[in-house]
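Student: Would you be able to build a 3D model of this:
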Amino acid sequence: MGHVLKINPVFKEMIWGGHKLRDVYGYDIPSDNTGECWAISAHKNGDCTISDGEFAGKTLSSLWDEHRELFANIEGDQFPLLVKIIDACNDLSVQVHPNDEYAKAHENSLGKTECWYVLNTDEGTKMVMGHHAKTKEELVKAIENDDYDNLLNKFDIKEGDFFYIPSGTIHAICSGSLIYEAQQSSDITYRVYDYHRKDAQGNERQLHVQQSIDVATVPYVPLAADSMVETAIENGTRTKLVSSEFFTVNKYEMTGKNTIVNDKPFQLVTVIKGNGVINGNSVKMGDNFVVCADQDAVEYDGTMTVMICTL
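Tutor: Just a heads-up that it's a prediction; the model follows:
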């Protein structure tokens, strides 16, 4: 028998967090300012544990270190991917992430390319993606003048929207968003701007303006949206959201029994809607699993939407 590992998420309280992770997903969150569910992570800043079975209580990073056969013996000193669910009750800072080279040189980390699938929004929710500066000089000038209204590319979003965000992209999740995020396993965020927000002690959060300018892609070139290719499966549809050098994300909308083959070193599975059964075990919205290399296929049954992220 192969391994399908159920994962216990780790939660992060944030100045901009809320309580949708409890209200919508039923998670047991630490407070009403919970911004992030690290749903599947082996990162040192949020290392998930296995929920049951022979590895119950062990961290995902320890399995990566001690049982690499579960991940097809692929190379790498750290587990490469991270899945989050983000509740932005208020705006996140305007930020940018470094690529692998910059992050390795300056932070001893992987870079951070990520993608977002919009799970839920309030009325009129927006997102920031990219900017209008044609040159680094224009970018620096706008930052020095706090001229973010003209600098940033801001637009409305709705449930079901998907965005691929390569490192170097200036971006911000805005208030009212509930987001599924798949990313490289990195926790490096450079804040350009944080609305001059103050914490309970009256301090503004640290900014990383120089690093942001160093790593920001100028000019910003919007990615041609992949046409979100939809394919019929046994009972439902599969939509390929992205396939890049860092990860592939497929959304499965299931209306009954489906067998999903695993031909990857691992699959990161998140149930984002509905409930049902995975390999005979009942599952519900908000549950997360790692399908290991020794599991050739997984049997799904139920009416549910499932995200599967792979290398």
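
Student: contacting residues around the closest residue to Lys58 other than its chain neighbours?
Tutor: Spatial nearest neighbour of Lys58, chain neighbours left out: Ile50 (5.3 Å); criterion: Cβ to Cβ, 6 or more residues apart in numbering. Heads up, the C-betas are built off the backbone N, CA and C, glycines and all. The contact partners of Ile50, by Cβ atoms under 8 Å, 6 or more residues apart in numbering, come to 5-8, 56-60, 63.

Student: Okay, and the beta partners of Ile50?
Tutor: Using DSSP bridges, the bridge partners assigned to Ile50 are Ile7.

Student: ok, now how distant is it from Gln267?
Tutor: Distance, Ile50 to Gln267, using Cβ to Cβ, to the nearest Å: 15 Å.

Student: ok, and the closest non-adjacent residue to Tyr27?
Tutor: Distances taken as Cβ to Cβ, 6+ apart put Leu21 closest to Tyr27, at 4.7 Å, once the chain neighbours are dropped.

Student: from memory the one you found sits against Lys84, does it?
Tutor: No. Taking Cβ atoms under 8 Å as the definition, Leu21 is not a contact partner of Lys84, at 10.4 Å.

Student: show me where pLDDT drops low in the chain?
Tutor: In the predicted model, the chain carries pLDDT under 70 at residues 225-227.

Student: how about 90 then?
Tutor: Across the chain, residues meeting the criterion (pLDDT under 90) sit at 1, 199-200, 222-229.

Student: Centre-most residue in it?
Tutor: Geometric centre of the chain, nearest residue: Glu181, 2.0 Å, by Cα atoms, centre = their mean.

Student: How about that one: what's its closest non-neighbour residue?
Tutor: Nearest residue to Glu181 in three dimensions, chain neighbours excluded: Lys84, at 4.5 Å (Cβ to Cβ, 6+ apart).

Student: From the contact counts, what lies against the helix or strand hosting the one you found?
Tutor: Element membership of Lys84, judged by DSSP states H and E, is strand 81-88. For strand 81-88, the elements it packs on are strand 10-18, helix 20-23, strand 34-40, strand 177-184, strand 266-278, strand 297-310, judged by 3 or more Cβ pairs under 8 Å, 6 or more residues apart in numbering; DSSP states H and E.

Student: For it, output the C-alpha coordinates as PDB.
Tutor: Provided in PDB are the C-alpha atoms of strand 81-88 (Å, rounded to 0.1, in the frame of the first residue of the first chain):
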ATOM      1  CA  LEU A  81       6.500  23.500  -2.400                       C
ATOM      2  CA  LEU A  82       4.100  25.200   0.000                       C
ATOM      3  CA  VAL A  83       0.300  25.500  -0.100                       C
ATOM      4  CA  LYS A  84      -1.500  28.100   1.900                       C
ATOM      5  CA  ILE A  85      -5.000  29.500   2.300                       C
ATOM      6  CA  ILE A  86      -5.000  33.200   2.900                       C
ATOM      7  CA  ASP A  87      -7.700  35.300   4.600                       C
ATOM      8  CA  ALA A  88      -7.200  39.000   3.900                       C
END
